[in-house]
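> Could you look at this predicted model? Sequence included:
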Amino acid sequence: MTGPLIPMGAIGQSWDLVIALLIGMAFGYVLESAGFSSSRKLAGVFYGYDFTVLRVFFTAAITAMLGLLYFGYMGWLDLSMIYVNETYVIATIVGGLIMGLGFITGGYCPGTSMCGVAIGKIDAMVFTGGMFVGILIFSEAFSLFEGIYYSNSLGPVKVYDSLGLSSGVFALLLIVVALVAFVFARIIQNKVKKVDY
Amino acid sequence: MNTSITDRSKIYANPYLSGFLLGMILLATFYITGRGLGASGAIKSTVVTAVNAAAQNHAGNSAYYSKFISDDHHPMNNWLVFEILGVLAGAFLSGAIAGRLKLKVEHSPKISSRTRLIMAGIGGILFGIGSQLGRGCTSGAALSGMASMALAGFIALLTIFGGGYLFAYFFRKFWI
């Protein structure tokens, strides 16, 4: 059956939220079992004592990317119906840097903090509370951010088009980058002093 | 080697296997819904709904809230909230099986629980602001954006993790 199933009308809307719950459960289970409920494990990627985040994240992104390319190639998925994030250069750069600062101070990102909350991490609960406050601050002070928020809009551009490559060549390059990163992560992790947590 | 109960809680799944499984879940999400996974969007929906319930005029007049109120009944809006409820249930299940369910503040022995909680609160506020400006967080912007090969996904990846490395030096005493 050609996907995406829900936008194509192959699955009724009434199943929508049941599917959301099941996908979320699988997502949460995998994240927690990989150790993403621990802020000290997550922070390890920034100090070189634990590269779990790098390994899980890169492997997941490449697996899904190759899957989408393959499904599209086989005609199982209409790629034109797949949501592609719109690029607003300045907003994404500034927002990303603020999130980076939030990551290194808070030790979590939104999805991983949910995993921490689920197993009883009080720091994750405070982080999640902080996110509500942060989103409220952004919304109330939107006029301050509005200029950056809408500037440099490029629309839903693809990374390989921006670099002047084909999608296959870009995917191959990303796999090479990931493999090199995995090797370096192993070398660095062996040299950095162990942290017990 | 003896595996006592305390040791068992520190045993995690193989990261490459976890990454592969996470990638397959993300692929399935795209195949079924046409979109990727998300996390900060669920909190945004909750904030918008709460503000709209408490002060409808204020929310309707706001240039930001009003962007999302019109599709309040749109399934995608609830979708992320249900997905995150699922994440909580799934993570709880994994934690229960691994013996990791415990109410505690996790922090480096070099800092107090209080310091850790203050930093966690600051980090949450920053992530909340950044995820709105960046139109998504590590899940919705970086991971899902990379999978769909959106330029925005790669910019988000480089700036979130690049930002982490950039600022890591200044916050090292909180972690190592």
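Noted; the coordinates are in hand.
> and residue B:130, how many residues sit next to it?
Close neighbours of residue B:130, defined as other CB atoms under 10 Å in any protein chain shown, add up to 31. Where you see a C-beta, it was placed from the backbone N, CA and C, and this is true even at glycine.
> Then residue B:16?
Neighbours of residue B:16 under the rule other CB under 10 Å: 16.
> Can you read off the pLDDT for it?
If you check residue B:16, the pLDDT there is 98.
> That one: what's it in contact with?
Applying CB atoms under 8 Å, 6 or more residues apart in numbering or on different chains to residue B:16 gives the contacts A:55, A:56, A:59.
> do the same with residue A:104
Residues in contact with residue A:104 (CB under 8 Å, 6+ apart) are A:43, A:46, B:123, B:163, B:164, B:167, B:168, B:171.
> If we check chain B, which of the contacts of residue B:16 are in contact?
A:55, A:56, A:59 (CB under 8 Å from any CB of the partner chain).
> And the lowest-mean-pLDDT helix or strand in chain A, what's buried?
Every helix and strand in chain A was compared by mean pLDDT, DSSP states H and E; the lowest is helix A:5-8, with a mean of 90. Across helix A:5-8, burial judged by 16 or more other CB atoms under 10 Å in any protein chain shown covers A:5, A:6, A:7.
> picking that back up, closest one of the ones next to chain B among the contacts of residue B:16 to residue A:149?
residue A:56 (30.5 Å; CB to CB).
> Apart from its chain neighbours, what residue comes closest to the closest one?
Leaving aside its sequence neighbours, residue A:56 sits nearest to residue B:19 (CB to CB, 6 or more residues apart in numbering or on different chains; 4.2 Å).
> before we move on, what about residue A:65?
Computed as CB to CB, 6+ apart, the closest residue to residue A:65 that is not its neighbour in sequence is residue B:147, at 4.9 Å.
> Could you tell me how many residues sit around the one you found?
Residues lying near residue B:147 (other CB under 10 Å) number 27.
> and if you look at residue A:77?
Neighbours of residue A:77 using other CB under 10 Å come to 24.
> who's it bridged to?
residue A:3 (DSSP bridges).
> can you list the buried residues of helix A:5-8 in a markdown table and add distance to residue A:78?
Shown next, in a markdown table, are the buried residues of helix A:5-8 (distance: CB to CB, whole Å):
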| residue | distance to residue A:78 |
| --- | --- |
| A:5 | 11 |
| A:6 | 13 |
| A:7 | 9 |
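> just the residues you listed now: which is nearest residue B:78?
Closest approach to residue B:78 among those (CB to CB): residue A:6, at 13.1 Å.
> hang on, the earlier thing: how far out from the middle of the chain is the helix or strand containing the residue nearest to residue A:56?
According to DSSP states H and E, residue B:19 maps onto helix B:15-33. Helix B:15-33 sits 16 Å away from the centroid of its parent chain (CA atoms, centre = their mean, to the nearest Å).
> if we can go back for a sec, pull the residues that contact the least confident helix or strand of chain A.
By CB under 8 Å, 6+ apart, the list of residues contacting helix A:5-8 reads A:2, A:11, A:13, A:16, A:19, A:78, A:81, B:31, B:32, B:33, B:34.
> Give me the residue at the spatial middle of chain B.
Centrality entry for chain B: nearest residue to the mean C-alpha point is residue B:39, 4.6 Å, by CA atoms, centre = their mean.
> residues in contact with it?
Residue B:39 neighbours (CB under 8 Å, 6+ apart): A:109, A:110, A:111, A:114, B:80, B:84, B:87, B:137, B:138, B:139, B:140.
> Swap in 7 Å and give it another go.
If you count contacts by CB atoms under 7 Å, 6 or more residues apart in numbering or on different chains, residue B:39 has them with A:110, A:111, A:114, B:84, B:137, B:139, B:140.
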